[in-house]
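**Q** Kindly return the folded structure for what I paste below:
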Amino acid sequence: MIEPHSFQAMRITEKGAFADKVLAKANPYGEKDTELKPLIEEATSKNQIFSKAMQKLSLAAITKLMNEDDDQRDSGIGNLESYALSCSKRKDPVWAKAGQEVVNALKAVGWDMNYRGNQDETKLIDIFLEQIEAQPTLKQALATISAQGWIDEIREGQTNYKLHDAQREAAEKPGSSITSREAARDLGFAIDKLFRYINFQIEFKGSATYATLADEINKTIAAYRATIRQRATRAENDEKENL
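**A** Numbers count the residues shown, from 1 in each chain. Down below sits the predicted model:
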């Protein structure tokens, strides 16, 4: 018989891995049992849905990431403007000319663009980054004053901001996704149905084949239950230490 699996007590990050291991053991048996196969397929489908739900971020998490991305590109623009302006005042004519060229390019697009609204800032940064690639002299000027680090920082912040902005729009669409908690619950129900069928075959039909499968699954269950016990013990010890 399959032992209690403590699926609900597992961390949400453990549930998918547990399901993967169980289904890997059950799949070969499903090819020989037409009643078991649809139960495996249902659990597999729920596991795939759970996996996709885990990949999606909550709106709060996305907003936090967007703020971090915006801070990064704001800092990059502000520092580049200050640095280029300082270089334009250097005594070395090569550095002064290169610094002034970068200053002129930034002013042409929009000086202090990092103080604009996010939508406008995104457009202006895109224009500036496109100009760097389209104008060899500007690209060379940036290299001359060793400003590529700021450009990389701006580009990374911009790329991540646009990515997370797209994720935010998708997450805001009504009915566009199921939460990871809901998906985990459905996956747990599907696994329970699978285990009940296997136990039925052992208890009421005396199936040696399913007894073997149960033994294999129990090894996986035992490993996860041990992890849960260890976590509980650590938490208990930590609580005692804090008394």
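
**Q** Longest helix in this structure, by number of residues?
**A** Counting by DSSP state H, the longest helix found in the chain is helix 208-241.

**Q** quick one: average pLDDT of that one?
**A** On average, the pLDDT along helix 208-241 is 87.

**Q** Buried residues of that helix, list them for me.
**A** Across helix 208-241, burial judged by 16 or more other CB atoms under 10 Å covers 210, 213, 214, 217, 220, 221, 224, 225, 227. For glycine as for every other residue, the C-beta is placed from the backbone atoms N, C-alpha and C.

**Q** mind giving me the domain split of the protein?
**A** The record, using automatic domain parsing to delimit domains, assigns the chain the ranges 7-56+177-241, 59-172.

**Q** ok, back up a step: now the buried residues of helix 208-241 in CSV, with distance to residue 48?
**A** Below are those laid out as CSV (distance: CB to CB, whole Å):
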residue, distance to residue 48
210, 25
213, 22
214, 25
217, 20
220, 19
221, 22
224, 20
225, 25
227, 24
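
**Q** closest to residue 99 among the residues you listed?
**A** Checking those against residue 99 with CB to CB, the nearest one is residue 227 at 57.9 Å.

**Q** thinking again about what came up before, any idea how far the longest helix of the chain is from the chain center?
**A** Averaged C-alpha coordinates place helix 208-241 at 27 Å from its chain's average position (CA atoms, centre = their mean, to the nearest Å).

**Q** For it, which helices and strands make contact with it?
**A** For helix 208-241, the contact count by 3 or more CB pairs under 8 Å, 6 or more residues apart in numbering; DSSP states H and E identifies helix 12-30, helix 180-205 as packing neighbours.

**Q** For the longest one, name the packing helices and strands.
**A** Taking 3+ CB pairs under 8 Å, 6+ apart as the contact definition, the neighbouring helices and strands of helix 180-205 are helix 12-30, helix 36-55, helix 208-241.

**Q** Please point out which parts of that helix sit buried.
**A** Residues of helix 180-205 classed as buried by neighbour count (16+ other CB under 10 Å): 180, 183-188, 190-191, 194-195, 197-198, 201-202.

**Q** With adjacent residues omitted, what lies nearest to residue 70?
**A** Nearest residue to residue 70 in three dimensions, chain neighbours excluded: residue 161, at 5.8 Å (CB to CB, 6 or more residues apart in numbering).

**Q** Distance from the helix or strand containing that neighbour to the middle of the chain?
**A** Residue 161 is part of helix 148-172 when elements are defined by DSSP states H and E. Helix 148-172 has its C-alpha centroid displaced from the chain centroid by 14 Å (CA atoms, centre = their mean).

**Q** And for stretch 101-111?
**A** 36 Å.

**Q** Give the buried residues for it.
**A** 101, 102, 103, 105, 106, 109, 110.

**Q** Among those residues, which one sits closest to residue 150?
**A** residue 102 (9.7 Å).

**Q** check contacts around the closest one.
**A** Residue 102 makes contact with 80, 84, 87, 88, 138, 141, 142, 145, 147 under the criterion CB atoms under 8 Å, 6 or more residues apart in numbering.

**Q** pLDDT averaged over the helix or strand in which residue 81 is found - what is it?
**A** Assessed by DSSP H and E, residue 81 sits inside helix 59-87. The pLDDT scores in helix 59-87 average 93.
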